[in-house]
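Trainee: After the sequence you'll find the predicted model.
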Amino acid sequence: MNLKTKKLVELLKKKNLDAAVIASRPDTVYFSGFTGSASIIIVTLDKAFIATDFRYLEHVKELCGDDFNVEKSPGSLDNYMADKIKEFGLRKIGFEDGSISFARYSIWADKLPDVEFNAIQSDIEKIRQIKDKEELRIIQKAVDIADGAFSHILQFIKPGVREVEIAAEIEYFMKKSGATKPSFETIAISGTRTSMPHGMPTDKIIENGDPVTMDFGAILNGYCSDMTRTVFAGNPIKEMKDIYNTVLKAQIESQMGAVTSKTGMEIDAISRDIIYGAGYEGYYGHGLGHSVGTEVHENPRFNTKDTTIMEDGMVMTVEPGIYIPDLGGVRIENMIVINGMEPINMTQSTKELIIL
């Protein structure tokens, strides 16, 4: 077993469970490194199995053979799982209650009527919160790819270009740079449409003076990155400059304040105090940030309710924003690593106002 799987075994012991079944892609990537689309993992107190079909078998053996018993599933992965649990006489099984559909759970329960299934999704998420050195190395590379895409797109944005072209160019550059795919559907919006925090790109043409907000990230080896920048295609009006400078101040001070002695809600409050104090209360409707790993949105969060105390090794976004309907919006987002009293900045792209 690898060190991550051993953490899962400790969880099983703590909860008095016989085994855990891992089927979701994010958890599969975390525990095994396998990013393919078909597999199932079974971890008992002393053994770890990963099964896949003939398409991925050689790859999984090469990737996971030192840490798992790698087996070929002769048919359905659910049948394999049920047979393995019966073979070992397992009775109390932990499963990913937040990821497994009701339909799939029903199949499991029907095949294993004598097995007690126990919800452990939140426990697994807590294990995933602290990133090790290898995870941080991969995430940093994914961040670097996104940084490179931002530098590239600055040469591309100009009046006359469509939003969808900007989004496509960002994704094309990231994939050419080694990304498996984007972390999520790339956001590239302009003009008054930037008042929509998650507006999607359209055929709208960039006009002179437009703000252009881009929110994007890269997946590398199963791990995500996430960044946002707002730039201007020509000189913006004064109110948009004021909004930008307010968001920039909130981002810088919140990032500096993201330390291990504070909770998610306390760090969120740093940005909210600045933005509300500048007169923009009601125009900042989302949390300051979230954790990032094998999923682009993980716990813990920087928001008005999260009481999680930050710990070293947590990877977080810091992304305040102001959004005013019929005018426009600004969001600036970096990724950081919680590191005592000195958070480590992962995103290197400039945050200063850019007029193209």
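Mentor: Received, thanks.
Trainee: so where do the strands sit in the stretch 101-250 of the chain?
Mentor: For the stretch 101-250 of the chain, strands defined by DSSP state E, counting those that start in this stretch occupy the ranges 116-119, 181-182, 187-190, 210-216, 218-220, 223-224, 227-233.
Trainee: Including mean neighbour count, could those go into TSV?
Mentor: No exception for glycine: its C-beta is placed from N, CA and C like everyone else's. Shown next, in TSV, are those (neighbours: other C-beta atoms under 10 Å):
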stretch	mean neighbour count
strand 116-119	14
strand 181-182	16
strand 187-190	27
strand 210-216	25
strand 218-220	25
strand 223-224	28
strand 227-233	24
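Trainee: got the buried residues for stretch 329-343?
Mentor: Buried residues in stretch 329-343, counted by 16 or more other C-beta atoms under 10 Å: 329-339, 343.
Trainee: next one: stretch 271-281
Mentor: Residues of stretch 271-281 classed as buried by neighbour count (16+ other C-beta under 10 Å): 271-272, 274-275, 278, 280.
Trainee: And the contacts of it?
Mentor: For stretch 271-281, the surrounding residues in contact (C-beta atoms under 8 Å, 6 or more residues apart in numbering) are 243, 246-247, 249-251, 253-254, 283-284, 288, 304, 318, 320, 322, 324.
Trainee: In JSON lines: the buried residues of stretch 271-281, plus secondary structure and distance to residue 163.
Mentor: Shown next, in JSON lines, are these (DSSP: H, G, I helix; E, B strand; the rest coil; distance: C-beta to C-beta, whole Å):
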{"residue": "271", "secondary structure": "helix", "distance to residue 163": "27"}
{"residue": "272", "secondary structure": "helix", "distance to residue 163": "29"}
{"residue": "274", "secondary structure": "helix", "distance to residue 163": "29"}
{"residue": "275", "secondary structure": "helix", "distance to residue 163": "26"}
{"residue": "278", "secondary structure": "coil", "distance to residue 163": "28"}
{"residue": "280", "secondary structure": "coil", "distance to residue 163": "25"}
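Trainee: now, which of the residues you listed sits nearest residue 296?
Mentor: For the buried residues of stretch 271-281, the residue nearest residue 296 by C-beta to C-beta is residue 271; the value is 20.0 Å.
Trainee: how much space between the most centrally placed residue in the chain and residue 75?
Mentor: Centroid-nearest residue in the chain: residue 296, 1.3 Å away (criterion: C-alpha atoms, centre = their mean). Relative to residue 75, residue 296 is positioned 33 Å away (C-beta to C-beta, to the nearest Å).
Trainee: Ok, residue 40 next?
Mentor: Taking C-beta to C-beta, one finds residue 40 at 12 Å from residue 75.
Trainee: more neighbours, the two?
Mentor: More neighbours surround residue 40 than the other of residue 40 and residue 75, with 20 against 9 (other C-beta atoms under 10 Å).
Trainee: Which residue is the nearest non-sequential neighbour of the more buried one?
Mentor: Of all residues not flanking residue 40 in the chain, residue 77 sits nearest, at 4.4 Å (C-beta to C-beta, 6 or more residues apart in numbering).
Trainee: I'd say the one you found and residue 39 touch.
Mentor: Yes. Judged on C-beta atoms under 8 Å, residue 77 makes contact with residue 39 at a distance of 7.2 Å.
Trainee: which residues are in contact with both of the two?
Mentor: The overlap between the contact sets of residue 77 and residue 39 (C-beta under 8 Å, 6+ apart) consists of 23, 51-52.
Trainee: Neighbours of the nearest residue to residue 159 once chain neighbours are set aside, how many?
Mentor: Residue nearest to residue 159 in three dimensions, not counting chain neighbours: residue 208, with 4.9 Å by C-beta to C-beta, 6+ apart. Using other C-beta under 10 Å, residue 208 has 11 other residues around it.
Trainee: Use 105 as the first number from now on
Mentor: Sure thing, new numbering starts at 105, so read that last one as residue 312.
Trainee: give me every residue that touches residue 312.
Mentor: Residue 312 neighbours (C-beta under 8 Å, 6+ apart): 263, 337-338.
Trainee: where along the stretch 155-304 of the chain do the helices fall?
Mentor: 161-168, 181-192, 206-215, 225-233, 237-257, 267-280 (DSSP state H, counting those that start in this stretch).
Trainee: for the first one, which positions count as buried?
Mentor: Translated: helix 161-168. Those would be 164-165, 167-168, for helix 161-168 by 16+ other C-beta under 10 Å.
Trainee: Ok, the third one next?
Mentor: Taking 16+ other C-beta under 10 Å as the basis for neighbour counts, the residues of helix 206-215 that come out buried are 211-212, 215.
Trainee: Switch those over to CSV; also include pLDDT.
Mentor: Formatted as CSV, the buried residues of helix 206-215 follow (pLDDT from 0 to 100):
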residue, pLDDT
211, 94
212, 95
215, 95
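Trainee: Turn those residues into a markdown table, including distance to residue 294.
Mentor: Listed next are the buried residues of helix 206-215 as a markdown table, based on distance: C-beta to C-beta, whole Å:
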| residue | distance to residue 294 |
| --- | --- |
| 211 | 47 |
| 212 | 47 |
| 215 | 52 |
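Trainee: picking that back up, any chance of JSON lines for the strands of the stretch 205-354 of the chain, columns mean pLDDT and distance to residue 253?
Mentor: Shown next, in JSON lines, are those (pLDDT from 0 to 100; distance: least, C-beta to C-beta, whole Å):
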{"stretch": "strand 220-223", "mean pLDDT": "97", "distance to residue 253": "38"}
{"stretch": "strand 285-286", "mean pLDDT": "98", "distance to residue 253": "10"}
{"stretch": "strand 291-294", "mean pLDDT": "98", "distance to residue 253": "11"}
{"stretch": "strand 314-320", "mean pLDDT": "98", "distance to residue 253": "7"}
{"stretch": "strand 322-324", "mean pLDDT": "98", "distance to residue 253": "7"}
{"stretch": "strand 327-328", "mean pLDDT": "98", "distance to residue 253": "14"}
{"stretch": "strand 331-337", "mean pLDDT": "98", "distance to residue 253": "9"}
